[in-house]
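S.K.: Fold the following for me, if possible:
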Amino acid sequence: MKLEITIPCHNEAHRLEAGFAKLAEWLRQHPRIAADTTLVIADNGSTDATLEIANRLAPGSPVPCRVRHLDRAGLALALRDAWDSSEADIIGYADTDMATDPEHLLEVVERFQDANVLAVNGSRWLKASVVSKRSLKRRVCSRLLRMGIGFLTGIHATDIACGFKFFRRSWYAQWSGKVFSEQFFLGGELLYLAQRRGPGSVVELPLRWNDQPGSRINIKSAMLSYWDGIQKLRRHKKNLR
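M.R.: All right, here's what the predicted structure looks like:
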């Protein structure tokens, strides 16, 4: 089963190399999963040296690594560009800083052995999750987001904002031309679509997650983007058949 991990990057020159090195070292230590893994560094609208660093890192990757570039910024745009050009069985993404322990990739592959599983969602809110160094501000915003999304959309997932999500590509291909997200809400949109298949279609993993310094996410902007995604999903539900 082929796995492709996308690393979306927007002005991540300050931490792309360290995060990539962490993932690369883990793959070197796990040759069995590395044999079926490819990477994508998906630069979107960066104005710093992100693309230059990506092009330098890719040839030294322990697994095949391709670099994608979009002139326009947008997390979902970068993911959709990478996934629409993928030939893997499982597609997904991890944050540039590798805040999520790469060891969870073993669980991701294992869960997709069940043909009923369409999506695997990493969660920092499950009882078994181990989360460290997360600021109070980010915890509060994440909890409010979780509650609001669940109430307004009916999405059952416990962590929409976590950057560790994977999907069965053959299923995603059926929806790639219909999804609307351009920024942060793509994960929520796809989890909503996957859960409609019925019990067992979405699996959540408790994560070991360690917040890394250097995040430049504007929380206010991100929250507004999620709110926009919620409203669009509510309006488009009847068209997502």
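S.K.: Let me know the average pLDDT across stretch 62-70.
M.R.: The pLDDT scores in stretch 62-70 average 98.
S.K.: Which residues belonging to that stretch are considered buried?
M.R.: Across stretch 62-70, burial judged by 16 or more other CB atoms under 10 Å covers 62-63, 65-70. Every residue, glycine included, has its C-beta placed from N, CA and C.
S.K.: Now tell me what touches that stretch from outside.
M.R.: 24, 27-28, 34, 37-45, 51, 54-55, 57-59, 77-78, 81-82, 85 (CB atoms under 8 Å, 6 or more residues apart in numbering).
S.K.: change it to 6 Å
M.R.: If you take CB atoms under 6 Å, 6 or more residues apart in numbering as the criterion, stretch 62-70 is touched by 24, 27-28, 34, 37-44, 51, 54-55, 58, 77, 81-82.
S.K.: From those residues, which land in helices?
M.R.: Among these, the members found in helices (DSSP state H) are 24, 27-28, 34, 51, 54-55, 77, 81-82.
S.K.: Poorly predicted segments of this protein, please.
M.R.: For the chain, the stretches with pLDDT under 70 are 133-148, 150-152, 212-220, 236-241.
S.K.: Report the central residue of it.
M.R.: The residue lying closest to the centre of the chain (CA atoms, centre = their mean) is Tyr93, at 3.5 Å.
S.K.: how close does that one get to Glu52?
M.R.: Computed as CB to CB, to the nearest Å, the Tyr93 to Glu52 distance reads 21 Å.
S.K.: Just the buried subset of the contacts of stretch 62-70, please.
M.R.: Burial by neighbour count, 16+ other CB under 10 Å: within the contacts of stretch 62-70 this picks out 24, 27, 34, 37-44, 51, 54, 58, 77, 81-82.
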